[in-house]
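**Q** This is the structure alone, sequence omitted:
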């Protein structure tokens, strides 16, 4: 079942494009990666889904309900971690969580579990927290009443590697419970590690939407070759690049064909690898598709 769905979702700020004609869906119980660099339109998409921005055109649905007509009802079952946390510094961590608990009017069913993972000095005022501590507090606030969906905008910002790993384990446990997570990030390795599917957004437009493993397998192999002859003499594909004496190109052809081509030259070094998600991301952003 699709729990988030957009149909030609578009948001312009005057004449400036935020996002344009986004169409995608997020299935119940998956961790959905939303990938792009800063300024690509990730935050605009999230803020539009959550009703903080009105779409210029198009539609979006959460739980099958139109966001423009049912946003108050929708938000009762949606947790949110914003990209920029503006937390009340004069409150203690506990006061902050108590305040949001009173707004939600729901039982904080997994609060103890979260506090065990993210060990915070709750009696200290937030203005004395480090950036990582504030991020942990934001994560706890988003998940503590066990929402069906959590929408996250760069959620691991400020977390050290150990806490990141604990957070990934927590997300996988939530997924096993049937919870859905929309995970916006520009950190390629974490999207590759934990997400089931990924959408890549470029300059406000969706350029790829695929299962992570399928996306990588579709993109073939990346070949780096160094030959004794001048690299310009190598007859490779049209999108071949030469960087610091290395010949680089991507192929979905039979590798045996290129091995035979290499034998026509004096090979000094050769590197053949599957495309990683990072390679795919760079591939799209260099305009090679």
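**A** Structure received. This is a predicted model, so every value here is computed, not measured.
**Q** from what I can see residue 269 touches residue 226, true?
**A** Yes. Taking C-beta atoms under 8 Å as the definition, residue 269 is a contact partner of residue 226 at 4.3 Å. (Each C-beta comes from the backbone N, C-alpha and C, glycine too.)
**Q** tell me what the helix or strand bottoming out on mean pLDDT in the chain is packed against?
**A** Ranked by mean pLDDT, DSSP states H and E, the weakest helix or strand in the chain is helix 277-285, scoring a mean of 77. Contacts defined by 3 or more C-beta pairs under 8 Å, 6 or more residues apart in numbering; DSSP states H and E place helix 277-285 against helix 188-194, strand 197-202, strand 205-211, helix 212-218.
**Q** Compare residue 269 and residue 226 (neighbour count), which wins?
**A** Applying other C-beta atoms under 10 Å to residue 269 and residue 226 shows that residue 226 carries more neighbours, namely 16 against 10.
**Q** isn't that one right up against residue 262?
**A** No. With contact defined as C-beta under 8 Å, residue 226 does not reach residue 262; the gap is 10.8 Å.
**Q** For residue 153, give me its contacts.
**A** Counting by C-beta atoms under 8 Å, 6 or more residues apart in numbering, residue 153 touches 42-43, 46, 81-83, 184.
**Q** Could you dump those into CSV and include neighbour count, pLDDT and distance to residue 23?
**A** Formatted as CSV, those follow (neighbours: other C-beta atoms under 10 Å; pLDDT from 0 to 100; distance: C-beta to C-beta, whole Å):
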residue, neighbour count, pLDDT, distance to residue 23
42, 23, 94, 16
43, 22, 94, 19
46, 21, 96, 16
81, 23, 95, 25
82, 18, 92, 24
83, 16, 84, 23
184, 24, 94, 17
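**Q** Could you dump the residues you listed into CSV and include secondary structure and distance to residue 136?
**A** Converted to CSV, these look like this (DSSP: H, G, I helix; E, B strand; the rest coil; distance: C-beta to C-beta, whole Å):
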residue, secondary structure, distance to residue 136
42, helix, 22
43, helix, 21
46, helix, 20
81, strand, 11
82, coil, 14
83, coil, 15
184, strand, 18
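**Q** Help me confirm that residue 258 comes into contact with residue 247.
**A** No. Assessed by C-beta under 8 Å, residue 258 is found out of contact with residue 247, at 10.8 Å.
**Q** which neighbours do the two share?
**A** Residues touching both residue 258 and residue 247 (C-beta under 8 Å, 6+ apart) are residue 223.
**Q** Over to residue 272. Which of the three states is it?
**A** strand (DSSP: H, G, I helix; E, B strand; the rest coil).
**Q** Likewise for residue 182?
**A** When classified by three-state DSSP, residue 182 comes out as strand.
**Q** how many neighbours does it have?
**A** Counted with other C-beta under 10 Å, the neighbours of residue 182 add up to 24.
**Q** how close does the residue nearest to it when sequence neighbours are not counted sit to residue 251?
**A** In space, and not counting its chain neighbours, residue 182 is closest to residue 151: 4.5 Å by C-beta to C-beta, 6 or more residues apart in numbering. Noted for residue 151: a distance of 38 Å to residue 251, by C-beta to C-beta, to the nearest Å.
**Q** Tell me which of these two has more neighbours.
**A** Each of residue 151 and residue 251 had its neighbours counted (other C-beta under 10 Å), and the higher figure belongs to residue 151 (27 against 18).
**Q** quick one: strands adjacent to the helix or strand encompassing the more buried one?
**A** Assessed by DSSP states H and E, residue 151 sits inside strand 149-153. Sheet pairing of strand 149-153 (DSSP bridges) gives strand 78-81 (parallel), strand 180-185 (parallel).
**Q** I'd like the next helix or strand past that strand.
**A** Past strand 149-153, further along toward the C-terminus, the next helix or strand under DSSP H and E is helix 161-176.
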